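1. A structural model of the following input is requested.
(one chain, ligands or ions: 1)
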Amino acid sequence: MYKVSILKNADWFAPGTVIYDHAYGVHEPVKICLVCFLIEGQGRKIMVDTGMDGIDQTYTEEHKDQFDHLSPSKDTNALLKEVGTSCEEIDTVLLTHLHFDHYWNVEQFPHANFIVNRKEWFHVLDPQNLPINPVKAFPREPLAYLAGEAFGRLTLIDDEYEVCPGISMHWVGGHSPGGMVVKVVTNEGPVIIVGDAFYLYEQIENNIPIGYCTDYREVLAGYEWLRKQNATLLPAHDYSLFQKHPSLTIG
Ligand SMILES: [Zn+2]
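-> Predicted structure coming up:
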């Protein structure tokens, strides 16, 4: 049995067209948050995604005028210290997908093994795909760290992968070609950390496609698969997380 902790890096916002499919007509920015997750148990300390430090440095004066929900952001290591550990102590980092806000901090985990879906890795690193994976949105330094200093600690996986008994990764794709979710056994039942398979609970509840995706059929098939799991679903960007799990822990 494992315990999952929700670590909130920041208050954030995203263009409506990233969050919602065009047909839903939301163009104004949508308030979102950014969280990453710590799984503890059986002597393991595992992160799901790395979070991103310094998001509040990206808020402009205009953003601060426009949005009333922006508070100072927190670094991942500070969040881990609040729950009694640190980046140094993390043994494994499971990357749900290679989008900057999910892999930004890889360099902060000097002892961790990194797990990435093979399709995702080659999709992002194939120069042919540069137009849809531009450097600005896919920062190269953390990727260079994975391909360099941490290369011996990197494992590329396929569509199903058992991390250890009670923790497994499953491919759903949709949002990105190699998007994975992480299933965790807890004493409150199964938990699935969904990466960005959906951004907001209303999307999986009402079958509303996300805006930013590489395959909308996979997005919808992913919703269907996730609904069938009868698990507690944990997305990375929905404030409802904090109403559903006010203690910030499951298990
Ligand atoms: Zn993403």
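2. what about Ile46, how many residues close to it?
-> The local packing of Ile46 (other Cβ atoms under 10 Å) involves 25 other residues. Where C-beta positions appear, they are placed from N, C-alpha and C, glycine not excepted.
3. what about it, distance to Glu82?
-> Separation of Ile46 from Glu82 (Cβ to Cβ, to the nearest Å): 17 Å.
4. again with Glu40
-> 14 Å.
5. Run the chain-centre distance for stretch 15-28.
-> Distance of stretch 15-28 from its chain centroid, counting by Cα atoms, centre = their mean, to the nearest Å, is 20 Å.
6. could you give the mean pLDDT of it?
-> With pLDDT averaged residue by residue, stretch 15-28 scores 94.
7. Give me the residues contacting it.
-> Stretch 15-28 is contacted from outside by 29-30, 32, 199-200, 208-212, 216, using Cβ atoms under 8 Å, 6 or more residues apart in numbering.
8. Flag every residue of this structure that's near the ion.
-> Within reach of the ion by Cβ under 5 Å from the ion, the chain has these residues: 99, 196.
9. Where in the chain is the helix or strand with the lowest mean pLDDT?
-> Each helix and strand of the chain was given a mean pLDDT (mean pLDDT, DSSP states H and E); the minimum falls on helix 61-66 at a mean of 88.
10. Please state the offset of that one from the chain centre?
-> 26 Å.
11. Report the buried residues of the next helix or strand after it.
-> With elements assigned by DSSP states H and E, the helix or strand that comes after helix 61-66 is helix 76-82. Neighbour-count burial for helix 76-82, counted by 16 or more other Cβ atoms under 10 Å, picks out 76-77, 79-80.
12. other SSEs contacting the helix or strand harbouring Leu156?
-> Assigned by DSSP H and E, Leu156 falls within strand 154-157. Counting contacts by 3 or more Cβ pairs under 8 Å, 6 or more residues apart in numbering; DSSP states H and E, strand 154-157 packs against strand 113-117, helix 118-125.
13. Please point out which parts of it sit buried.
-> The neighbour-count check on strand 154-157 (16+ other Cβ under 10 Å) flags 154, 157 as buried.
14. in its sheet, what does that strand sit against?
-> Strand 154-157 pairs in its sheet with strand 113-117 (parallel), by DSSP bridges.
15. out of everything not next to it in sequence, what's closest to Ser71?
-> The spatially closest residue to Ser71, leaving aside those adjacent along the chain, is Asp11, at 5.5 Å (Cβ to Cβ, 6 or more residues apart in numbering).
16. Val35 is in contact with that neighbour, correct?
-> No: using Cβ atoms under 8 Å, Asp11 is not in contact with Val35, being 10.9 Å away.
17. Compare these two (neighbour count), which wins?
-> Neighbour totals were compared for Asp11 and Val35, and Val35 leads with 25 against 20 (other Cβ under 10 Å).
18. State the distance from that one to Tyr59.
-> Applying Cβ to Cβ to Val35 and Tyr59 gives a distance of 18 Å.
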